[in-house]
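> need the 3D shape of this:
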Amino acid sequence: MKNKLKILLAIGAISIVLTGCFDTNKHEGMDHSKMNMQDSEKTSETAATPKEVTNENKLTKAAPIVDGKEYTITAQASNLQVSKDKTLPVWTFNNSVPGPEIRVKVGETVKIHLKNELEEPVSIHWHGYPVPNNMDGIPGVTQDAVVAGKSFTYEFKATVPGTYWYHSHQDSVNQVDKGLYGTLIVEDPKESYDRDYTLVLDEWMSSGSMDMGKETESDSNGDGHNMGDMEGMDHSQMGHGQTESNDSESMDHSKMNMGDMGSMGGHDMSMYDVYTINGKSGDAIDKLVVKEGDKVRIRLVNAGYITHTMHLHGHEFKVIASDGQPVNSPAVITDQGISIAPGERYDIEFTANNPGNWLLEEHSSDDRVKNMRTVIAYEGVTTQTDASNAKEKLPAFDLTNYGKQAQTKFTLDQKFDQDVLMDLNTEMKDGKMVYTINGKVFPDTDKIKVDKGEKVKVTFVNNSMMDDHPMHLHGHFFQVLSRNGKPLEGAPVIKDTLNVKPGEEYVVAFEADNPGDWMFHCHDLHHAADGMVTDVMYKGYKSNYTPDPTVGNKPE
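You can find the predicted model right below:
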């Protein structure tokens, strides 16, 4: 009975897996290279608030687009109205989910002041960006997490253009789930678009939804969640095994008995039953307005833990960047599904030359995807010209055979200073499911120790039966050299996050050009929390930082 009670308490808890309120209408007609940041911040902070919502039970506002040369971000609790009838308790940056879209130009300095109004400590990690090590935002490694009432200033030079994002790296499996993330766009002054939209994809648990007619108390975490929903919540060891979704809504994910979960094939994600784009679901998602002749860029960012396959209807398009890095001579394609794994970003470009209302939607046989779609809406067109075909299986976009070859930093047949194997697996240890690198779990995984300037080859092999492992390296980009033993045939592929599917093998390479201690981990953060983390450590690197043992730093 004790275990059953725990189980029933805990899922209300697990429910706060949440993310995103971002009004894309604010982008309409906007040239970000010339935009007035102050005006954009003012106009984007309007949001409808139901009459019954009180100050204690506030709703998020639309995410502003802000100038990152100096800006303050505050972590605080709120409630995210993902649709007309569903509101979820969230943690936010500046009362929006996603948080503010930070924009700077190459050559400018980013200066962000993080303040914390939550009772839990938080941090900001600049996902994919090669910041100095002391700005990487890893509690207990590069800084102490920012405790309640305190602040920390992140400052770094914007040197590489592209689409990036930021999120808390303190207890990140839970805090990213709760909504602590936003986007970082570094603009190339040589590029110009008539419309430039950023779409953040995520998924949530509806069991965390709130009855907006009731008062919401602050719990011990200070996050404004209903106490019954929150008690015992811990996503760090959630959802392993092939459970039915109804079962997962009554399980204690923090201490569950893995021996009762059946197959070691992977963890169940069916409890994530609400899919969102910029914090809105289904019909609540804002249309992307264009006019005929517009040159349009759409930046797709996956802030969740599930891969989403997106399809642009009615237009030819190019995939112009992956993880912020440009694709050499991208070809024009149509009707291909672009799979975006957790942590990845893909930028597409098209010319608005087919007036109508066209879907940009996720494709899958899963019914959940019907709520992850938006409309490319041409000005002046009032009729719906398109219908969903989300269950249709599309040809898969293949980045490893796309674009044209070009001179690269690394080749398969060159000499490397180190050759590292990362055998990725799902295993049972001490009665629970864990995610291993070479049979070990963090912090006992083998560190990759490098000297500055070394060229390092890494081979990923995914031996998990059913789990994808999107592997993310902090502080560096890496080049993908081969997949399943075959050299890449298209444009050079430079990434910071690479999804390795079951049975796949990739060879990648990076140069040790950014001294520090850097995490290398799976960006399904459930896997990271359960062991799939290692570190790249520069020999002789000395940090000025000494961890404070009283803060409760949780770097994974």
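> can you pull out the helices in the stretch 151-300 of the chain?
Listed in chain order, the helices of the stretch 151-300 of the chain (DSSP state H, counting those that start in this stretch) span 172-178, 227-230, 245-248.
> give the other helices and strands that the longest one contacts.
Counting contacts by 3 or more C-beta pairs under 8 Å, 6 or more residues apart in numbering; DSSP states H and E, helix 172-178 packs against strand 86-93, helix 525-529. All C-beta spots, glycine's among them, are computed from the backbone N, C-alpha and C.
> can I get that helix in CSV? Just the C-alpha atoms.
Presented in CSV, the C-alpha positions along helix 172-178 are these (Å, rounded to 0.1, in the frame of the first residue of the first chain):
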residue,chain,number,x,y,z
SER,A,172,17.9,19.7,-16.4
VAL,A,173,15.7,16.6,-16.9
ASN,A,174,13.2,18.3,-14.7
GLN,A,175,13.9,22.0,-15.2
VAL,A,176,13.8,21.8,-19.1
ASP,A,177,10.6,19.8,-18.8
LYS,A,178,9.1,22.6,-16.7
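> and that helix, how far out from the chain middle?
A distance of 10 Å separates the centroid of the chain from that of helix 172-178, by C-alpha atoms, centre = their mean, to the nearest Å.
> low-scoring stretches of the chain, by residue?
Counting by pLDDT under 70, the chain shows low-confidence ranges at 1-56, 209-267.
> so which residue is dead centre in it?
residue 303 (2.2 Å; C-alpha atoms, centre = their mean).
> show me the strands in the stretch 151-300 of the chain, by range?
Secondary structure of the stretch 151-300 of the chain (DSSP state E, counting those that start in this stretch): strands at 151-157, 162-167, 181-187, 195-204, 274-277, 288-290, 295-302.
> tell me which of those lies nearest to residue 491.
Ranking the strands of the stretch 151-300 of the chain by proximity to residue 491 (C-beta to C-beta) places strand 162-167 first, at 15.1 Å.
> hang on, residue 77 packs against residue 89?
Yes - assessed by C-beta atoms under 8 Å, residue 77 is found in contact with residue 89 at 7.4 Å.
> contacts only, for the residue nearest to the centre of the chain.
Shown in contact with residue 303 (C-beta atoms under 8 Å, 6 or more residues apart in numbering): 19, 20, 98, 165, 167, 176, 181, 200, 201, 202, 342.
> next, count neighbours for the third one.
Applying other C-beta atoms under 10 Å, we find 30 residues neighbouring residue 98.
> mind telling me what element it is part of?
For residue 98, there is no host helix or strand (DSSP states H and E).
> who does the strand or helix carrying residue 461 pair up with?
Using DSSP H and E, the element containing residue 461 is strand 455-462. Counting by DSSP bridges, the strands paired with strand 455-462 are strand 418-429 (parallel), strand 505-511 (antiparallel).
> run through the neighbouring helices and strands of the helix or strand that the longest one is followed by.
In other words, strand 418-429. For strand 418-429, the succeeding helix or strand toward the C-terminus, using DSSP H and E, is strand 432-437. Strand 432-437 is packed against strand 418-429, with contacts defined by 3+ C-beta pairs under 8 Å, 6+ apart.
> what's in contact with the strand it packs on?
Under C-beta under 8 Å, 6+ apart, the answer for strand 418-429 is 258-259, 264-266, 433-439, 441, 448, 450, 454-467, 469, 471, 500, 522, 532, 534.
> quick one, that strand and strand 432-437 angle?
Between the axes of strand 418-429 and strand 432-437, defined by axes from the mean of the first three to the mean of the last three C-alpha atoms, to 10 degrees, the angle is 170 degrees.
> just the CA coordinates for strand 418-429, please, in PDB.
In PDB, the C-alpha atoms belonging to strand 418-429 read as follows (Å, rounded to 0.1, in the frame of the first residue of the first chain):
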ATOM      1  CA  GLN A 418      42.900  10.000 -30.000                       C
ATOM      2  CA  ASP A 419      40.500   7.300 -31.100                       C
ATOM      3  CA  VAL A 420      37.600   7.100 -28.700                       C
ATOM      4  CA  LEU A 421      34.800   4.400 -28.700                       C
ATOM      5  CA  MET A 422      31.500   5.300 -27.100                       C
ATOM      6  CA  ASP A 423      29.400   2.200 -26.800                       C
ATOM      7  CA  LEU A 424      25.900   3.400 -25.900                       C
ATOM      8  CA  ASN A 425      23.500   1.000 -24.200                       C
ATOM      9  CA  THR A 426      20.500   0.400 -22.000                       C
ATOM     10  CA  GLU A 427      21.200  -1.900 -19.100                       C
ATOM     11  CA  MET A 428      19.900  -3.100 -15.800                       C
ATOM     12  CA  LYS A 429      22.100  -2.300 -12.800                       C
END
